[in-house]
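Colleague: give me coordinates for this.
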Amino acid sequence: MKLGFKNSDSGSARSWMIISIALIVGLVLALVFGIWSFVQYQNQKTDVDSRIDAAVTTARKEQVDTDEAKYLERDKQPMRAFTGPDDYGQLSFNYPKTWSVYVDRDASSGGNYEAYFNPKVVPPVSSSQQFALRVVIEEKDFDKVLSGYDSLVKKGDLKSSSVTINGTSGTRLDGSFSKDIRGSAVLFKIRDKTVTIRTDADTFRVDFDALIQTIKFNQ
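Modeller: Numbers count the residues shown, from 1 in each chain. This next block holds a predicted model:
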């Protein structure tokens, strides 16, 4: 009977040992799972917070950009009036008051009339320099000036279309005038002369489209 009692005690000890080991392993697994879950939560929380911060930053930037654009548009008002030489049809139009104008050739002794417009400061004049607006009145026939763009139109660099401003018909060109100049231009016949009004960058397209609607000149 003593031998049977010892076997019973030994079996009970082994059972408790197995249960204890199982409990310890369970606790360890639970602890590992808990740590893993916490790390995952922190990572997800960080990711969500980062997305929220990015969204807030983007929204703030968009708002700043919108406010700045509104301010720039308001700052252009009231528009200024430009008037060209009387002998060259007294061309006139309205342009943003934030633009400066430089008359490179005033045609006081004949020849071409050239004026350049740009926000704040007008850079040195050159064929490759981009300006918000160029105004050129040439002592050339309208058809001859227009034919100078034929090759660019045929290549597809420029798109030509008819335009009527304040009852006066002309031609509009949109696209690449050169590797440095991409914009829009309108050409009109003024008596025995031709006027070309052009913007050298699509950045000024909205201003250009508004400006050409105010063009007037004496036929």
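
Colleague: how about residues contacting stretch 99-113?
Modeller: 80, 82, 84-85, 87-88, 95, 114-122, 125, 132-133, 135-139 (CB atoms under 8 Å, 6 or more residues apart in numbering). Where you see a C-beta, it was placed from the backbone N, CA and C, and this is true even at glycine.

Colleague: give me the buried entries from these.
Modeller: With burial judged by 16 or more other CB atoms under 10 Å, the buried subset of the contacts of stretch 99-113 is 82, 84, 88, 95, 114-119, 122, 132-133, 135-138.

Colleague: now go through the contacts of stretch 99-113 and say which are in strands.
Modeller: Mapping the contacts of stretch 99-113 onto strands (DSSP state E) picks out 80, 82, 95, 114-119, 133, 135-138.

Colleague: would JSON lines of these with distance to residue 145 and pLDDT be doable?
Modeller: JSON lines is the format used below for the ones in strands among the contacts of stretch 99-113 (distance: CB to CB, whole Å; pLDDT from 0 to 100):
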{"residue": "80", "distance to residue 145": "27", "pLDDT": "94"}
{"residue": "82", "distance to residue 145": "21", "pLDDT": "96"}
{"residue": "95", "distance to residue 145": "23", "pLDDT": "97"}
{"residue": "114", "distance to residue 145": "14", "pLDDT": "97"}
{"residue": "115", "distance to residue 145": "17", "pLDDT": "97"}
{"residue": "116", "distance to residue 145": "18", "pLDDT": "98"}
{"residue": "117", "distance to residue 145": "20", "pLDDT": "98"}
{"residue": "118", "distance to residue 145": "23", "pLDDT": "97"}
{"residue": "119", "distance to residue 145": "28", "pLDDT": "96"}
{"residue": "133", "distance to residue 145": "18", "pLDDT": "98"}
{"residue": "135", "distance to residue 145": "14", "pLDDT": "98"}
{"residue": "136", "distance to residue 145": "9", "pLDDT": "97"}
{"residue": "137", "distance to residue 145": "10", "pLDDT": "97"}
{"residue": "138", "distance to residue 145": "6", "pLDDT": "96"}
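
Colleague: farthest-separated two in the residues you listed?
Modeller: Pairwise distances across the ones in strands among the contacts of stretch 99-113 (CB to CB) peak at 25.9 Å, for the pair 119 and 138.
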